[in-house]
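Peer 1: can you look at this prediction? I've put the sequence above it.
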Amino acid sequence: MQFGRTYEEFTVGDVYKHWPGKTVTEYDDHLFCLLTMNHHPLHMDSNYAESTTDFGRNVVVGNYVYSLLLGMSVPDVSGKAIANLEVSSLKHVAPTFHGDTVYGETTVLDKTPSKSKSDRGVVHVETKGYKQDGTLVCVFRRKVMVPTRTYVEERGGEQPGRPVLREPAGGAEKGGK
């Protein structure tokens, strides 16, 4: 299974449709809010959201939606990254609610070889997140420094540091006794 891409594997214009989607639960949203100390009642207090907001219900905190999409994109985009360099834009386009399922896709906008090191390059991508009904909810652009094939091969290949299975001394037991 591929996890990320080398510089040579990115083509400007390619679109990666991240799979699977994630259904956002109230628990997910509240835990993220508590972990990040975002206690705004729009996200945490059903009564407040129902009686005082335009939405009439809790809205999933935007940074969770962004983080979810960023995580979804890792196997396709930054799984081999040397560094995440920048997020140049982030737009929350529409609200996400508890029970919505978020899907993502990433488009390769540009790629540039490194000027200082020949074993890496910078890939510029745009990720879009949308709900089960196709509503666009979040868009962000980022730049990721990724290795070339040479970089990966020089450091042990696709899964560097993965241990080799060793059989117990004297061979494997027979009969499970």
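Peer 2: Noted; the coordinates are in hand. Numbering: from 1, shown residues only.
Peer 1: quick check: the gap between the residue nearest the centre of the chain and residue 79.
Peer 2: The chain has residue 71 as the residue nearest its centroid, 2.0 Å off, counting by Cα atoms, centre = their mean. According to Cβ to Cβ, to the nearest Å, residue 71 and residue 79 sit 11 Å apart. C-beta here means a position set from N, CA and C on the backbone, and glycine is covered the same way.
Peer 1: okay, residue 161: pLDDT?
Peer 2: Residue 161 is assigned 76 on the pLDDT scale.
Peer 1: assign it to helix, strand or coil.
Peer 2: At residue 161 the chain is in coil, as set by DSSP: H, G, I helix; E, B strand; the rest coil.
Peer 1: now do the SS call for residue 138.
Peer 2: strand.
Peer 1: excluding residues flanking it in the chain, which one is nearest it?
Peer 2: Nearest residue to residue 138, sequence neighbours excluded (Cβ to Cβ, 6 or more residues apart in numbering): residue 129, at 4.1 Å.
Peer 1: helices of this structure, residue ranges please.
Peer 2: 26-35, 41-44, 46-52, 62-73, 149-154 (DSSP state H).
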